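Visitor: Build me a structure from this.
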Amino acid sequence: MVFSLNSTPEILFGSGASEQTGAKVKELGCKKVLVVHGKHIKKSGIADKVIDTLVKEGIEIVRFEEVEPDPPDTIIEKGAAVAKEANVDGIIGIGGGSAQDTAKAINVLLGNAPPITRFLDKSLKMNPGKMLVLLPTTAGTGSEANNVAVITDTKNGVKGGVKGPACVPNLAIVDPDFTLDLLPRITAITGMDTLAHGVESMTTILAQPMAELLCEKVISLVVQNLPVAIKDGKNLEARTNLSFAAMIAGMSFDNTVLHLGHAIAHTMGAVYHIPHGIACSIALPEAIEYISDVLPEKIKIIGRAMGLDMEGKSGVEAGKEVADFVRQFSKDMGLPTMKELDLDKDLLKKVAELAMKDDCAMFIPKETNSEIILELLYRAYER
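Guide: Below you'll find the model as predicted:
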């Protein structure tokens, strides 16, 4: 087997790591930065804590506080206009996946002409942007460790990935302390995204040994620590393990890409506007069952990482057991089913058709079409 490994950004990881933000950004040569975050991060006080470290080092601050879920192209272009007007030399993204993806996409437009949606075409050459530093406040997307920004094309109503050098942070600062006050629901939603990253990254057509090594650890860390963090949000050990899992999952799929579960989840987010992690919790078990006949040994590895006994099971048997475990795990974490969300069943055909156009669809390890995806969605709806 011949495979490639993308290098990861410099990462500073651990409790209290964020206290070094100002010094690290100064080392990068930044004198004026755009700080990108949402209103909740400002209200929580996290943004101000980070900004205080920047100000202490004499770095000038411009704030952009208009981050929205599933980052719309319109918000990204507005943020880029603010950054250009202020003539900043760096971008600091603080928050969950939406904040980090917004910061990445803004950075793309600091080195490349708009609109941002033109970079949904991966064949376009992308120039670097400015210095980019990301500080995740959730343990889910792993965006701090990869070169992709997921954005929403508001004109066409679809989500897609923007990928290239301007999306690679110069530094990621992962401080699990930032996750200590996350609500149980957000903890569950982001944790299921991490779990989906682990499962899909090791079963994509681009899967390779390094990804498999990382993903097996990702899966076990989420299964062992997510229930603990939901029950006791102040448990720093559980929070640290989940932050680590999210980060190494991001490293993994930066090399292997995701597949069916995320193709469906991205599209459900665009059509139904539901949180990404909830969409992952719905799509993931269906994807596991679907591919179990072609990747039986991989599914058994996943099952064992979840603590299941896979001895003597066929691939299909293992797939059903692992999928059922994920469904029950999601339920135990307090996440809803499609019926409980009261999603419009008539829109599932649209979801299936758009899912086949998603970037992740080309990496599904089994021949698939929109009719098959629609059947999987109907099954999920009736569970």
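
Visitor: got the residue ranges for the strands in the protein?
Guide: Using DSSP state E, the strands found in the chain span residues 10-13, 32-36, 60-64, 90-95, 131-136, 148-153, 158-163, 171-174.

Visitor: Ok, which of those strands comes nearest A263?
Guide: Within those, the stretch nearest A263 is strand 158-163; the backing value is 10.3 Å (C-beta to C-beta). (Glycine included, C-beta is placed from N, CA and C.)

Visitor: Partner strands of the closest one, with direction?
Guide: strand 148-153 (antiparallel) (DSSP bridges).

Visitor: In CSV, could you pull the C-alpha coordinates for the strand it pairs with?
Guide: In CSV, the C-alpha atoms belonging to strand 148-153 read as follows (Å, rounded to 0.1, in the frame of the first residue of the first chain):
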residue,chain,number,x,y,z
VAL,A,148,-11.0,22.0,5.5
ALA,A,149,-13.6,24.7,6.2
VAL,A,150,-17.2,23.6,5.8
ILE,A,151,-19.4,26.4,4.6
THR,A,152,-23.0,27.0,3.4
ASP,A,153,-23.7,28.2,-0.2
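
Visitor: and the angle from that strand to strand 90-95?
Guide: Between strand 148-153 and strand 90-95, the angle comes out at 80 degrees (axes from the mean of the first three to the mean of the last three C-alpha atoms, to 10 degrees).

Visitor: what's next to strand 148-153, contact-wise?
Guide: By C-beta atoms under 8 Å, 6 or more residues apart in numbering, the residues outside strand 148-153 that reach it are 70-73, 76, 97, 100-102, 104-105, 108, 116-117, 120, 143, 158-163, 167, 254, 266, 270.

Visitor: Please list only the buried members of those residues.
Guide: 70-73, 76, 97, 100-102, 104-105, 108, 116-117, 120, 143, 158-163, 167, 254, 266, 270 (16 or more other C-beta atoms under 10 Å).

Visitor: For the stretch 151-300 of the chain, just list every one of the helices.
Guide: According to DSSP state H, counting those that start in this stretch, the stretch 151-300 of the chain carries its helices in the segments 184-201, 209-231, 236-256, 260-272, 276-291, 296-305.

Visitor: would a markdown table of those helices with mean pLDDT be doable?
Guide: Below are the helices of the stretch 151-300 of the chain laid out as a markdown table (pLDDT from 0 to 100):
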| stretch | mean pLDDT |
| --- | --- |
| helix 184-201 | 97 |
| helix 209-231 | 96 |
| helix 236-256 | 95 |
| helix 260-272 | 95 |
| helix 276-291 | 98 |
| helix 296-305 | 98 |
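
Visitor: Around G79, how many other residues sit close by?
Guide: 25 (other C-beta atoms under 10 Å).

Visitor: Assess the claim that it and R63 are in contact.
Guide: No: assessed by C-beta atoms under 8 Å, G79 is found out of contact with R63, at 10.4 Å.

Visitor: Give me the common contacts of those two.
Guide: Residues touching both G79 and R63 by C-beta under 8 Å, 6+ apart: L34.

Visitor: dump the residue contacts of the closest residue in space to T179 that isn't next to it in sequence.
Guide: Sequence neighbours aside, R239 is the residue nearest to T179 in space, at 4.8 Å (criterion: C-beta to C-beta, 6 or more residues apart in numbering). R239 makes contacts with 139, 176-177, 179-180, 229, 233, as judged by C-beta under 8 Å, 6+ apart.

Visitor: and with 10 Å instead?
Guide: By C-beta atoms under 10 Å, 6 or more residues apart in numbering, the contact set of R239 is 15, 139, 176-180, 182, 187, 225, 228-229, 232-233.

Visitor: Neighbour count and distance to A287 added to these, as JSON lines?
Guide: Rendered in JSON lines, the data for the contacts of R239 read as follows (neighbours: other C-beta atoms under 10 Å; distance: C-beta to C-beta, whole Å):
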{"residue": "S15", "neighbour count": "16", "distance to A287": "34"}
{"residue": "A139", "neighbour count": "34", "distance to A287": "22"}
{"residue": "P176", "neighbour count": "23", "distance to A287": "29"}
{"residue": "D177", "neighbour count": "19", "distance to A287": "33"}
{"residue": "F178", "neighbour count": "27", "distance to A287": "30"}
{"residue": "T179", "neighbour count": "26", "distance to A287": "27"}
{"residue": "L180", "neighbour count": "14", "distance to A287": "32"}
{"residue": "L182", "neighbour count": "24", "distance to A287": "26"}
{"residue": "T187", "neighbour count": "26", "distance to A287": "23"}
{"residue": "N225", "neighbour count": "22", "distance to A287": "23"}
{"residue": "V228", "neighbour count": "15", "distance to A287": "26"}
{"residue": "A229", "neighbour count": "28", "distance to A287": "25"}
{"residue": "D232", "neighbour count": "13", "distance to A287": "31"}
{"residue": "G233", "neighbour count": "17", "distance to A287": "29"}
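
Visitor: Throw those into a markdown table and include distance to G93, thanks.
Guide: Output for the contacts of R239, formatted as a markdown table (distance: C-beta to C-beta, whole Å):
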| residue | distance to G93 |
| --- | --- |
| S15 | 20 |
| A139 | 16 |
| P176 | 17 |
| D177 | 17 |
| F178 | 13 |
| T179 | 16 |
| L180 | 20 |
| L182 | 18 |
| T187 | 21 |
| N225 | 25 |
| V228 | 28 |
| A229 | 23 |
| D232 | 28 |
| G233 | 23 |
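
Visitor: Distance-wise, check Y381 relative to L284.
Guide: Here the criterion is C-beta to C-beta, to the nearest Å. By it, Y381 lies 15 Å from L284.

Visitor: higher neighbour count, those two?
Guide: More neighbours surround L284 than the other of Y381 and L284, with 30 against 15 (other C-beta under 10 Å).

Visitor: close enough to count as contact, the more buried one and I219?
Guide: No: using C-beta atoms under 10 Å, L284 is not in contact with I219, being 11.2 Å away.

Visitor: Overlap in contacts, the two.
Guide: With C-beta under 10 Å, 6+ apart as the test, L284 and I219 both reach 195, 197-199, 322.
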